[in-house]
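A.B. asks: Starting from these lines, generate the structure:
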Amino acid sequence: MGFIELEKRLRLLIDDKLLEFMEEILTELEPEIVRMNREQLERGEKADGSFFQPYSWITIQWRAEAGNPVKNQLIALYDTGDFWAGFWAKAYNNKLSLFSDDVKTEMLVGIYGNNIFGLTQENFQALGDRVNPLLKQKVGQFLQQ
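C.D. replies: This is a model prediction of the structure:
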């Protein structure tokens, strides 16, 4: 490949392809991204690093009697599992969005805020560690075509 062709490919990479590659990779990693968000919630942690309040003793007792004991002392937004089951992640327009299709989502966001969705700084770094080699591979393949 000559310099002119390489220059064309680099311009295309900068203008369009890099964003396209990132979106493809994040789409491939959606299950991992969703898992990370769920694990944060299980610890009672929001995306901004803040924590939910502890469950009330009444909720702890009620859930234990119902055969669905709380796993942690902090609210995790998990009762029936429907909210967590509805989680999805989507990469588009240079953004990564996380949300849930569950009918309670708007109510939970209203009560607990948008930070129930998203990744903590630690998880965002871990995601970057997964994305970087995949992105390097895609860029390398594109430049060698």
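A.B. asks: drop to CA atoms for contacts and neighbour counts, all remaining ones
C.D. replies: Noted.
A.B. asks: What's the local residue count around residue 121?
C.D. replies: Burial of residue 121 is recorded as 12 neighbouring residues (other CA atoms under 10 Å).
A.B. asks: Equivalent analysis for residue 45, please.
C.D. replies: For residue 45, the tally of surrounding residues (other CA under 10 Å) stands at 23.
A.B. asks: pLDDT value on it, please?
C.D. replies: As summarised for this prediction, residue 45 has a pLDDT of 97.
A.B. asks: Do I have it right that it meets residue 52?
C.D. replies: Yes - Residue 45 is in contact with residue 52 according to CA atoms under 8 Å; the separation is 6.3 Å.
A.B. asks: Find residues that contact each of those two.
C.D. replies: The contact sets of residue 45 and residue 52 overlap at residue 76 (CA atoms under 8 Å, 6 or more residues apart in numbering).
A.B. asks: Okay, the closest residue to residue 87 other than its chain neighbours and residue 121: tell me how far apart.
C.D. replies: Distances taken as CA to CA, 6 or more residues apart in numbering put residue 100 closest to residue 87, at 4.1 Å, once the chain neighbours are dropped. Taking CA to CA, to the nearest Å as the measure, residue 100 falls 21 Å from residue 121.
A.B. asks: swap in residue 35?
C.D. replies: Counting by CA to CA - residue 35 and residue 121 are separated by 15 Å.
A.B. asks: check contacts around the residue nearest the centre of the chain.
C.D. replies: In the chain, the centroid-proximal residue (CA atoms, centre = their mean) is residue 33; its distance is 3.8 Å. For residue 33, the contact set (CA under 8 Å, 6+ apart) comprises 89, 119, 127.
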